[in-house]
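*Asks:* My questions concern the predicted model and sequence given below.
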Amino acid sequence: MSTISTHLRKIREPNKDEQLRQSFALTPAPDPVDVDSQKYKIEVNATLSLPQESEEEAYAGRLYLLPPYLAFHSLDRKSTRFTLPLCTIRRVERLNTRTGIFALSLSNWHGMKIIVQITSLRPTADLFCAHLRDALKLELQRGQMKAMKSFVKTCYSETLIPDNTPAGTEDSELVQTEDVAYLCGLGVKFKFPGDPKKLREASKLKLWATYFRTHGRNLTLLRYPQSTRLVQVGLPNRLRGEVWETLSGSLYLRFSNPGLYERILKENEGKVSTSTEEIEKDLNRSLPEYPAYQTEEGINGLRRVLTAYSFKNPELGYCQAMNILVAAILIYMSEEQAFWLLEVLCDRLLPGYYSPSMHGTLLDQRVFESLVKKCLPIIHDHFHEVDVQLSVASLPWFLSLFINSMPLIFAFRIVDCFFCMGPKVLFQVGLAILKINGEALLEIQDDGAFIHLMRDYFGSLGDSAHPNSSDPRTRAITRFQELLLVAFREFSVITEETIATERKQFRGDIIHGIESFSKRASVRNLKDLGNFTKDQAGLIYDILYKAICVVPPPASLQGGSGSPNSGQGQVAERPETRIGLATFKIFLSEIATWARDEKIVSNGFQERVDREVADHELIDRIFFFWDSSRCGALSFQDLVTGLNGVMFNDLMANIEWFFTLHDKDKDGFLTKDELLILSESMLFIFRYEVGDAYLGAVSRFMTNAFEYGDAIHETERLKTSGEAESEKPQELGNNQPYLNLATFRMVVLADEILESFFETDLTASFQLQSIPDGPLATPKSGFFGGLLSTIVTDDNVKRFHKFSDDLGKTIGQHQVVHRPSIGRIDRPIALQEPKAREPLLSSTSPRPSVSSASSSTVLATPSNSTPSLSISPPVPEKDVSPPEITPLYHAAAAAVMERTPFAIDDPQDDDDDDDDDETGEGDTHNPDDKVMDEVLYDCRRTRCG
């Protein structure tokens, strides 16, 4: 059984609109319910500022209306940004400013005012305001503003800031300090990793509360530079889940899809699939050292989130390492929050990381190796010299976001930065790890030493980076702080644009490597190769792959009896790829010369060959003839077996194959209707042959077949009934058995052209030729590359051909010649008039009796030629050194599932009081100031990039 996926060929770079939406943590495509509101989409130049008492400077940038959101980013795209759902805007006012200034005051749900000065031309500003007004009315009609009342109650920040409800509104009872049931993770009950006093939880909460009061929270959060600094120093445990979903954009998915998580669980309750079986195997191996996952409550929550996502995205399903990621997320988030965050991780932040082929992980490993070669060439050369695989250690880093490699309290701080600054953080931190351990890495000689060194380093991240320094502040810097300093300062040149460029460079090699591995696996899993070699079976796979790319089979053909929608108690197998009739026609047209129409077109300007897929009942008959499972679809094994049944036949076997193909009820006889259909099939095969030789052969075949068939049935009737020969013969029905195989052989062998066709031409018409690698769906880079990809499209090529053909017709130079499917008869001979041939039964000769002797004489007709199999030699593949998928996957799975427990992660009692006792003797400063000193100290020495 083989599963053939072509989704890698469809991967493309996001277009400008998709990149814009992703930069604001939105889904690449708008929600279907928001399609009507897209007509209000507009963007303008603007300057963002807050009221004067906030002491924040103004930021120039671009303001976007992306219904149902209003978004802004500064000119550098990183200093300041926000994504506001339109339903959070309570009032829009035009400010009375000096002449020539167009400014709006936006009051949001949390009572904060934002001043937006539109610096575009006045007509553009007026149009923006009109669209904003219409979009706000549409949100009001949809009832989203009412839905927000209950939604904000699920956020912990509403409890943290209980006194900031808009004054003078009727919703003053919305936030209450005691009754609010905000969503929280397992850490509230089973404690969070680490010591809250040492982590300065109370001080961090105060700093975030101050930020929320001036910059909004949850749905109304404005991301100013200070927020990035607060994220880098570490998020407070109780606030971490909410900030994660706000920074990642999963908060907007949860808001726009209320109740979907519960509905998915309810609709798929009791269903079992391959993904759910794999999930059950990994549940008890998901952070087993954390107390929550030693209880049924934690295990059940993890099971529900993974199961719900596997049913929501059945193509991806479940992949090892998902369990580690979700188990860590559930410490800080509820099940519904974790479900939507997993959706964002798999679809947007880490695309392809957890797919069956793991193409995203393999691609980023190639990118990481390239960056190591450029930034740390000495380490790269040493690894190459001693044959140490960098991916042995780095693959688990990327798959689990360092959660399975280092203590949780440090891994979560990297995850904080990951959601705030994007996937580039993984590359920056990975490079920093190698640079800090550079001297030790130059001494290792094998993979085992590399892994051991990394394990020791991660275990010492809480130690001082400079224990012998005389400066107390320097001595207080831990190795983890040093890691972040090196990552964000020395590797700030690694930007999102750098990662995108590297990914585009290596994507083709990765895809070809994965496809090559899948091809070898599919050929290896064939139960019966027949007379084909593995190379020939590989050519059949290539042709099948191309056909699936052109006409993908419908999803209904992939499930079979083991689809994910199976009933309760049934286990869904991984679907075997099967193709329908439409895809089969494409497949057969690449192999059989008569299954396609090839036209040689010349118009005085160009000469080209246009190929079209033929459509005839013969192709349908072959499709159902090869369908061994009678399910209306063909597998790779069915195609190999079917081709094996025709491509290695001799004369007699080909005649029998053609006869059986048209024997619908498989009773060993052809009816008169089936005989007519058989003749139409031969006429279809010979439709473009030069001259009338083949047409005459089919005509003689029909005459002889009916003449001899009638004679046989008349003789049989006389034998059985004993009637006189002079009596009128009985008429035989069109659906009654009429011609058997032995008679069919005799009629075919009576004609030289048909004998030659079944002896060599039929087999030779099936040709296995190597298929060149199709182009990937990757747009060309650069201005001219993008312009070329825009102009040179399939539609434009067709328009040019039509134009040149019309011009050729005008000047009398247009000519179309159909290429023959067989083409064996020379043109002079083919153009001769067909000669009349003596009938098999003359009027003077006695009617032959049908006996076994006569049949055996026909069967013993010798054949002087042997059938040939037309197979073009395969084109040698490019030496791109594709990554080994299976070893990498097993290495990653083993590394991810085996986590080293760290004592520093042991949960301790949460202390909500201020950590004044941690300030040290003689320290009279506010502890909050000390936390902020750490932030400022980090920021003075880092560049966030």
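*Replies:* On my side now, so go ahead. These figures come from a predicted structure and were not determined experimentally.
*Asks:* Residue 220 contacts residue 112, doesn't it?
*Replies:* Yes: in this structure, residue 220 is within contact of residue 112 by C-beta atoms under 8 Å, at 6.6 Å. C-beta: built from backbone N, CA, C; applies to glycine.
*Asks:* Relative to the whole chain's centre, how far out is stretch 630-647?
*Replies:* Stretch 630-647 has its C-alpha centroid displaced from the chain centroid by 28 Å (C-alpha atoms, centre = their mean, to the nearest Å).
*Asks:* Ignore what I typed, I meant stretch 217-237.
*Replies:* Using C-alpha atoms, centre = their mean, the offset of stretch 217-237 from its chain centre is 32 Å.
*Asks:* do the same with stretch 344-355
*Replies:* Put simply, stretch 344-355 sits 9 Å off its chain's centre (C-alpha atoms, centre = their mean).
*Asks:* what sits up against it?
*Replies:* 11, 22, 25, 27-28, 248-250, 253, 309, 313, 316, 319, 321-322, 325, 358-361, 363-364, 398-399, 418-419, 422-423 (C-beta atoms under 8 Å, 6 or more residues apart in numbering).
*Asks:* Give me the buried subset of those.
*Replies:* 11, 22, 25, 27, 248-250, 253, 309, 313, 316, 319, 321-322, 325, 358-361, 363-364, 398-399, 418-419, 422-423 (16 or more other C-beta atoms under 10 Å).
*Asks:* Quick check: helices, which of these are part of them?
*Replies:* The members of those that map onto helices under DSSP state H are 22, 248, 250, 253, 309, 322, 325, 359-361, 363-364, 398-399, 418-419.
*Asks:* Can you show me the CA trace of stretch 409-423 as PDB?
*Replies:* Extracted in PDB, the C-alpha atoms of stretch 409-423 (Å, rounded to 0.1, in the frame of the first residue of the first chain):
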ATOM      1  CA  ILE A 409      11.900  27.900  33.000                       C
ATOM      2  CA  PHE A 410      14.500  28.800  30.400                       C
ATOM      3  CA  ALA A 411      12.800  27.100  27.500                       C
ATOM      4  CA  PHE A 412       9.600  29.000  28.200                       C
ATOM      5  CA  ARG A 413      11.600  32.300  28.000                       C
ATOM      6  CA  ILE A 414      12.800  31.300  24.500                       C
ATOM      7  CA  VAL A 415       9.200  30.500  23.600                       C
ATOM      8  CA  ASP A 416       8.200  33.900  24.900                       C
ATOM      9  CA  CYS A 417      10.600  35.500  22.500                       C
ATOM     10  CA  PHE A 418       9.600  33.100  19.700                       C
ATOM     11  CA  PHE A 419       5.900  34.300  19.800                       C
ATOM     12  CA  CYS A 420       7.000  37.900  20.100                       C
ATOM     13  CA  MET A 421       9.700  38.100  17.400                       C
ATOM     14  CA  GLY A 422       9.000  35.100  15.200                       C
ATOM     15  CA  PRO A 423      10.800  31.900  14.100                       C
END
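*Asks:* from the chain's centre, how far out does it sit?
*Replies:* With C-alpha atoms, centre = their mean as the basis, stretch 409-423 stands 25 Å off its chain's centre.
*Asks:* shaky segments in the chain?
*Replies:* Residues of the chain that meet the criterion pLDDT under 70 lie in 1-2, 31-37, 52-56, 97-99, 163-180, 555-575, 713-734, 773-794, 824-898, 909-945.
*Asks:* quick one, domains of it?
*Replies:* 16-152, 183-199+234-349, 359-494, 673-765+826-944, 783-815 (automatic domain parsing).
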